[in-house]
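> Fold the stuff below for me.
(2 chains)
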Amino acid sequence: MSLRERLQSWRYNLIPDHLVGEILTKRWTDNAIPFLALVITVATFGSAIQGFFKLSSLQDSTRQLGEFSIVVTGLTVVMLGGGIDLSVGSIFALSTFAAVSVFFIFEQPVWMALLASLATGVALGALNGYLVGFLRLRAFLTTLVTFIIGRAIFDILVINFAARIQMSLASSEAWDYIGDGTFHGFSISVLSAVVLAVVTHIALTRSRPGWHVLAVGGSRRSAHNAGIKVRQTVFMTYVFSGFCASIAGFLLACRLSGAGPGTGLNLEILALTAAVVGGNSLGGGRGSVVKGMMGAIIVLVMTNGLIRLGYGTGTNQMVLGLMLAAAVTIDIRWLKNRHKVLNEVYVAPVYLKMGETQSAVPGSGTGYALNDRLSQTDFIGLSQLEGPEDVILDRDDHLYCGTRHGEIIRFFAPDYNRSEVFAHIGGFPLGLAFDRSGNLISCVGAMGLYSISPKREVAKLSAETARSWTSVVDDARLRDPNDCDIAPDGRIYFTDSTKRYDAHDWALDSIENRPTGRLLVYDPKDGSTRTLLDGYRYTNGVCIAHDGRSLFFAESWACRVHRYWLEGPKAGTAECIIKDMPGYPDNINRASDGSYWMAWLGMRTPSFDLSLRHPAMRKRMTRRLPQDEWLFPNINTGGVVKFNETGKIVDTFGDLSGTSHPMVTSMREHKGYLFIGGILNNRIGRYRIPGADETWTSATSYWGTTP
Amino acid sequence: MIFDPFLDLFRGKAVTIPPLDGAFRPNTRLDEADVFSTLSDADNLTISNGRLIASSGNGLFVIEAGKEPVVVETFDAMVTAVAASSTGELAVGLDTGHLLISGNDVELPGAVRCITALAFAPDGALWLANGSSEHSPSAWASDLMQKGRSGSIWKRHLHSTEFKLIADKIAFPYGLYPTANGVVFSESWAHRLVHVNGIDGSRKTVLDHLPGYPARLSKAAAGGAWLSLFAPRNRLIEFILQESQYRRDMMTEVPREYWIAPALASSRSFLEPLQCGGIKTMGIHKPWSPSRSYGLVVRLDDAMQPLDSLHSRANGARHGICSAVEMNGQLFAASKGGDCILALPADPEEAH
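Take a look at the predicted model:
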């Protein structure tokens, strides 16, 4: 191996490029940019300002932060529902006034003040909600109007009543405690902010009304079509926002014991900036309370920090404006381009040097040399079938196969001209096997392991296994269950070919060549699924050996067949019995003479083998060419290969022209005939095997002569 | 957007090729055409004294309707180009780099080793296209994969014995069409037709961005020319041409017939490269799928602009058309990949 190749193999096999793509599939990566902004802001001002992190300084900032983040939480909910609330500042101010006037002028107890404050907020919120939600006025203009009117009322009230509030002698311990006291070191405003945030977060992510808000924000029409009461949901978001603003107003009233012309001034701009900078989408549907909180901290630290550094209001407003502009731009660009970024980075090919192989060229004299015998098949279901990946026959000689429409089709013996839909599962039924009592077990691509009873009842057996410790994307789910077989004790052994791609994207998996295939076992006694082996390059066919003591499974992209021991001294271990084949193995099944049939889905080509040693080239290929242009293994020529217990190749069958059976994914011997399926073919082939035992069926081979 | 210049650094650059559209709109006329004669590796066609002459392997054959091809002459190496003068003289280029005129070996300048096309001008001058100074005509794939630009155009006047260099540094000239003051040649690896002036050597591109690799040119009776394109452009191949490391390794480790390179015929062996779109699905090989080989003959007007074209698509068999000539209202096209000579009506209106 040259130095360049060695470096390539280290670079592409040791550095886990694929994790970048897997992490990007996570929703929480949306939080990455706001979080980074938060860290930078806090670090910058923390180091620029002396005593920024001192407790007394923090205590004062956090009270303010508590009130502010309550307002932001309310606004976040409105934005998630697809709206906007510009009136939070005036609601906040009016609620503050309501609280102080009830407490100082009417000299009522604190709870009355709180109630008055909440009533003001909820009433104004309901007004907004009614106008926007039910009358369907534009949210922006409506809340702008309520903002202006609310502010005007507040200004009039403050001018007329400020003196009376100042002169009042009313006082209460509770009032002072809420304003100045701490509970276990935390101020009441911070505690209420945290409680409100937690409750709102849980409500949004785990409750029906919360989901409704997100659904309405994501797509109003779809939400309506899904039966969600859109208008009522929108109404409630504004009520909630008013409620939040009023709580914050009450807390401020307690803290300052008064209201002045500056109360709640510019709060709507601050809150809006906080919500957007945190990463909540202005378009609705995307965002979270946590994002709102992050934005609140960023904005407050920024504005307070700038004031303490001696910058005036103008600078402050300017910075806020710029932050808002940047956040909106990033939000839109990210939303638009995230999937493109993901597409570009997800495919992460690895380096692999395939072993030298023997030639399969006709007349080459090797055991693999292909011939043209498969071109002499009779066709079953020609042009009626689409994608019979696997074929199987029952005790009455009826023929079953899956199709890409998610159906199991049954062809009736003896001529197989008539057919019916035996069962509809969905997904893409791949590997098939009959169990002892005649249930048809199928690996369904993109779904899981299913069972169909003779009465056509479809039941899911398994769709997940245990998650592995190092997985980023949850690998418990079965993505590409491919083939199954059943041991004498009834356990079902099956393969899940890849963790990286869904079943229909198996082509991408061959380009990437990352070993993520698994061998699993389902135990019908307790319904559990266990992972036996992991880390193979596209595990495919499975076949229990004739003696039932071991099983064979194919590793497609590595062109190998392995034997996994079920019992005996080597139980639980796998050994490679055939390696470096010139074709890519698919399903494996028993043959009547004690050996095994193996399908080849395609042939290795020198150009593709070479590309496996050039991962960077493959990566560029996926980025620069559309999928139809990608280099591929030659799957226009497949074949059937027979091997014995020791892994020696006994016979080969090919269709070199590729007219009848270009890609062979399965074959099943039954009463002297070989039935041939192909996942991309529109027919099943029937080939008379010269000299084969005409009484042998796989049903009797597995389960004996009587059912 | 303002971020684009920055983001472009991280974006994949798409590899694109000209679409088959306009005059190149696909049809199946080559596949529907009658086989005039079956001849393996039928390469260069020419008309000598009203007879259709075809080169194939080491020999020259006379092709007549309803008869087996008749051997005119055989040589000790593969014939790579043939042309007939108005007086019936045959000029024959061989893979060894020899040029024979009426059976006599003609002395050539040392640089000429790859005779890909020959043409007699109406004034009797002989034009010669030398595809490459490094490779023989049969090793054209190597020249393409090494991005060869060492081809040249030569001219010998009627009563002279000396070949004069007219133009050089050409990316594989593969066809010649003499004009009044020079010659139009097809520059295969550059996918274009270029006119070079025979006196001052000035060049002008007359047709660019061809969707395939142009081969021979011949005169059309109604004016203009017939252009054969021996292989299609393919985005994977264009991509491989940018992947130097992979291409170098491919040339040293993979047999030439299995390279990711244009071909005269494809899908003959399972060791050939396959592209995703070329996978046979439900018994169908998509005619629009990417392919290494294709059949394409283009009718050009007097200004060498395309008027019409004849196709054999990805699922067809008449691929690798290296030469097409018109005689008596019929167009004859030699399909080197399909091992046959086709006959079609030369007038496109008549064909429809």
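
> Quick one: residues contacting the residue of the stretch 301-450 of chain A found nearest chain B.
Taking Cβ to the nearest Cβ as the measure, the stretch 301-450 of chain A has A:E386 as its residue closest to chain B, at 6.0 Å. All C-beta spots, glycine's among them, are computed from the backbone N, C-alpha and C. Contacts of A:E386 were listed using Cβ atoms under 8 Å, 6 or more residues apart in numbering or on different chains, and they are A:403-405, A:682, B:282.

> do you know how far it is from A:D331?
Here A:E386 is placed at a distance of 43 Å from A:D331 (Cβ to Cβ, to the nearest Å).

> repeat for A:R338
Relative to A:D331, A:R338 is positioned 11 Å away (Cβ to Cβ).

> my guess is A:A466 meets A:L532, correct?
No - A:A466 sits out of contact with A:L532 when judged by Cβ atoms under 8 Å, with a separation of 11.4 Å.

> quick one: which of those two has more around it?
A count of neighbours by other Cβ atoms under 10 Å in any protein chain shown puts A:L532 above the other of A:A466 and A:L532, at 17 against 12.

> so how many other residues sit close to B:Q305?
Close neighbours of B:Q305, defined as other Cβ under 10 Å, add up to 12.

> check contacts around it.
B:Q305 makes contact with B:23, B:207, according to Cβ under 8 Å, 6+ apart.

> where's it relative to B:A222, distance?
With Cβ to Cβ as the criterion, B:Q305 and B:A222 are 14 Å apart.

> Also B:L7?
52 Å.

> Then A:V664?
Taking Cβ to Cβ, one finds A:V664 at 52 Å from B:A222.

> where in the chain is pLDDT low?
Reading this off chain A. A:55, A:706-707 (pLDDT under 70).

> Sorry, I should have been clearer: chain B.
Filtered on pLDDT under 70, chain B yields the residue ranges B:1, B:12, B:348-352.

> C-terminal to the longest helix along it, what's the next element?
Secondary structure of chain B per DSSP state H: the longest helix is helix B:244-253. If you walk from helix B:244-253 toward the C-terminus, the next helix or strand you reach (DSSP states H and E) is strand B:274-275.

> so is A:L157 in a helix, a strand, or just coil?
Counting by DSSP: H, G, I helix; E, B strand; the rest coil, the backbone at A:L157 sits in helix.

> Just give the number of residues close to it.
The burial count assigned to A:L157 is 16, neighbours taken as other Cβ under 10 Å.

> So it is in contact with A:A98, correct?
No - under the criterion of Cβ under 8 Å, A:L157 makes no contact with A:A98, lying 9.4 Å away.

> Find the residues that touch each one of these two.
By Cβ under 8 Å, 6+ apart, no residue touches both A:L157 and A:A98.

> three-state assignment of the nearest residue to A:K353 once chain neighbours are set aside?
Nearest-residue entry for A:K353: A:R613, 5.6 Å, with adjacent residues in sequence omitted and distances by Cβ to Cβ, 6 or more residues apart in numbering or on different chains. Assigned state for A:R613: coil (three-state reduction, three-state DSSP).

> same thing with A:G541?
State at A:G541, reduced to three classes by three-state DSSP: strand.

> tell me the contacts of it?
Contact criterion Cβ under 8 Å, 6+ apart gives A:431, A:482-483, A:495, A:552-554, A:585-589, A:598-599, A:666 as the residues in contact with A:G541.
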